[in-house]
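Q: can you look at this prediction? I've put the sequence above it.
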Amino acid sequence: PYDNEIVVNIKRAVPLDVALPCYGYVIPVVVLVTVVTNTFIIIVMSNHSLRTPTNKILLSMAVTEMLTGLVSFPWLLYYYTLKGYEEDMNYGMPAFWCKTYPYLSENLPRVFHTAAIWLSVLLAVRRYCTVSTIKLRSPQKGLSTEIMISAVCFAAAMLEVPLVFSRWNVPVVRNNRRYCVQTLAKWVLDIGPNTFFTTAIWFHVVFVYAGPCVLLVIYSALLMNFIRSQAKRRFSSCVIRHQSRLHSTSKMLVIIICIFLVTEIPAVVISTMHVLHMTFRIIPVHRYRAMNIAMILRNVFIIASHPFNFLVYLNMSEQFRKVAYHWFFGRILSIVELGAPCCRSWKIYQQRLSTRLIDLRDMQTRQSITVKEASLAEPAISDVDSD
């Protein structure tokens with residue numbers, strides 16, 4: 001290859017003995033579970049009774065977290081689960097995968113993960129500002145939630161643009177064997193490959209990993225401190241009920257943020273060590289295998305944490321459970337009504353289920369009326385303001 005060309009060697013960068021079980025079996029299963037749970041979250045959060053600013057952010061987080069794993073699923077399925085690595089080692093990587101794997105394994109997952117991180121920051125900051133300034137809130141003040149979510153997603157995509165256009169892969173056939181050759185852009189060569197990629201990784205460590213984690217820790221601590229201080233105060237029974245609902249929601253959001261931090265803080269440490277090595281060569285070459293393994297485990301933990309949000313919603317949000325129950329059994333009832341059940345006991349069960357769904361609809365109607373009358377009452381995974 002020429003000076004601006006590098007032959008791609010995945011096996012050297014990603015230890016196969018660790019990547020095969022993690023990327024070939026663990027992550028595909030976790031991604032499928034995440035698709036199921038987050039799709040259910042998206043459906044439930046899209047319900048008209050749950051359309052609050054906080055829930056819009058949670059819905060956006062569910063979408064970006066699901067896509068983080070889903071976009072890399074085809075590549076992981078081909079290369080590790082279906083043993084595409086054997087074809088790569090014996091004959092070379094097929095042209096399609098040579099061209100697309102950088103986008104499927106690196107660029108697109110990083111875009112959606114960056115968006116998920118900053119949406120978590122937006123959630124924490126917005127929640128604290130909301131609950132600590134209830135009397136000052138105004139629907140006319142500030143940007144709408146949709147604009148802020150769109151800005152976060154757009155910024156996440158723009159952060160990845162320099163890396164996307166810095167290099168590309170070209171399939172080459174030499175001596176009856178396929179090679180995947182990575183070619184660097186001319187402007188990268190003008191800057192200097194080491195300078196460009198080291199700067200890019202430092203930028204991502206600071207603004208994609210470390211910075212958001214610091215903000216999440218600060219605002220989560222402020223939110224928990226506010227909840228504790230408010231719990232010591234005494235209100236009338238009506239206000240206590242509304243404050244309890246408000247703080248219950250805040251506690252749930254703090255738990256979601258903490259789950260996020262459990263995986264992101266180790267990711268910050270690993271990414272920082274990686275960029276320090278690139279800058280100062282602090283890790284001996286023969287020991288860098290441990291760093292590659294750590295980066296594989298980091299990716300596994302990040303993907304594996306996504307389904308836990310569904311369990312938190314289901315366990316801590318009564319309204320989420322009610323809407324989920326209504327939607328799930330409503331679909332079952334619709335399917336059953338298409339058939340012609342002949343069993344008397346099944347018909348009785350169907351009638352009871354219909355009655356239960358009617359009761360749930362009435363309950364939702366009463367709750368909607370209560371929300372309009374009580375400014376502190378939150379309609380879902382509640383929020384105290386609206387767009």
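A: That came through fine.

Q: C-alpha only now, for contacts and for neighbours.
A: Will do.

Q: what's near enough to touch the residue nearest to the spatial centre of the chain?
A: The centroid of the chain falls nearest to residue 65 when counting by C-alpha atoms, centre = their mean (2.2 Å). Applying C-alpha atoms under 8 Å, 6 or more residues apart in numbering, one finds that residue 65 lies in contact with 112, 113, 116, 303, 306.

Q: and of those residues, the nearest to residue 296?
A: residue 303 (11.0 Å; C-alpha to C-alpha).

Q: starting at the chain centroid, how far to stretch 189-203?
A: 28 Å (C-alpha atoms, centre = their mean, to the nearest Å).

Q: tell me where the stretch 151-300 of the chain has helices.
A: Under the criterion DSSP state H, counting those that start in this stretch, the stretch 151-300 of the chain contains helices at 186-191, 193-204, 211-231, 237-280, 288-304.

Q: and those helices, which one averages the lowest pLDDT?
A: Per-stretch mean pLDDT for these is lowest at helix 237-280 (a mean of 75).

Q: quick one: list the elements packing against that one.
A: If you count contacts as 3 or more C-alpha pairs under 8 Å, 6 or more residues apart in numbering; DSSP states H and E, helix 237-280 packs onto helix 108-132, helix 193-204, helix 211-231, helix 288-304, helix 308-316.

Q: could you rerun that using 6 Å?
A: Using 3 or more C-alpha pairs under 6 Å, 6 or more residues apart in numbering; DSSP states H and E, no helix or strand is in contact with helix 237-280.

Q: next one: it to chain centre, how far?
A: With C-alpha atoms, centre = their mean, you get 13 Å for helix 237-280.

Q: could you give the angle of it to helix 308-316?
A: 170 degrees (axes from the mean of the first three to the mean of the last three C-alpha atoms, to 10 degrees).

Q: circling back: pLDDT score assigned to the residue nearest to the centre of the chain?
A: 94.

Q: how about residue 115?
A: At residue 115, the pLDDT value in this model is 96.

Q: from residue 270, how far off is it?
A: Here the criterion is C-alpha to C-alpha, to the nearest Å. By it, residue 115 lies 20 Å from residue 270.

Q: the two: who's more crowded?
A: A direct count of neighbours by other C-alpha atoms under 10 Å for residue 115 and residue 270 places residue 115 higher, at 28 against 18.

Q: between the contacts of residue 65, which sits nearest residue 38?
A: The closest of these, once distances to residue 38 are taken by C-alpha to C-alpha, is residue 306, at 8.3 Å.

Q: which SS class is the closest one?
A: Following DSSP: H, G, I helix; E, B strand; the rest coil, the label given to residue 306 is coil.

Q: state the pLDDT value of it.
A: On pLDDT, residue 306 comes in at 89.

Q: mind checking the backbone torsions on it?
A: Backbone geometry at residue 306, expressed as degrees, to the nearest 10, gives phi -60, psi -40.

Q: residues near it, how many?
A: 25.

Q: contacts only, for it.
A: Listed by C-alpha atoms under 6 Å, 6 or more residues apart in numbering, the contact set of residue 306 is empty.

Q: how close does residue 52 get to residue 46?
A: Distance from residue 52 to residue 46, by C-alpha to C-alpha: 10 Å.

Q: if we can go back for a sec, and the gap between the residue nearest to the centre of the chain and residue 72?
A: Distance from residue 65 to residue 72, by C-alpha to C-alpha: 12 Å.

Q: again, but for residue 326
A: Residue 326 sits 33 Å away from residue 72, going by C-alpha to C-alpha.

Q: who has more neighbours, the two?
A: It is residue 72, of residue 326 and residue 72, that has more neighbours when counted by other C-alpha under 10 Å, with 23 against 19.

Q: give me phi/psi at that one?
A: The phi/psi pair for residue 72 (degrees, to the nearest 10) is phi -90, psi -10.

Q: I figured it hits residue 104, correct?
A: Yes - if you go by C-alpha atoms under 6 Å, residue 72 and residue 104 touch, sitting 4.8 Å apart.

Q: shared neighbours of the two, anything?
A: Counting by C-alpha under 6 Å, 6+ apart, nothing touches both residue 72 and residue 104.

Q: what ranges does the stretch 1-150 of the chain have for its strands?
A: 5-7 (DSSP state E, counting those that start in this stretch).

Q: so where is it shaky, pLDDT-wise?
A: 1-4, 133-142 (pLDDT under 70).

Q: now the terminal residues of stretch 95-115, how far apart.
A: By C-alpha to C-alpha, the extent of stretch 95-115 from end to end equals 30 Å.

Q: near residue 212, how many other residues are there?
A: 22.

Q: more neighbours: which of residue 52 and residue 46?
A: Comparing residue 52 with residue 46 by other C-alpha under 10 Å, the one with more neighbours is residue 52, at 23 against 15.
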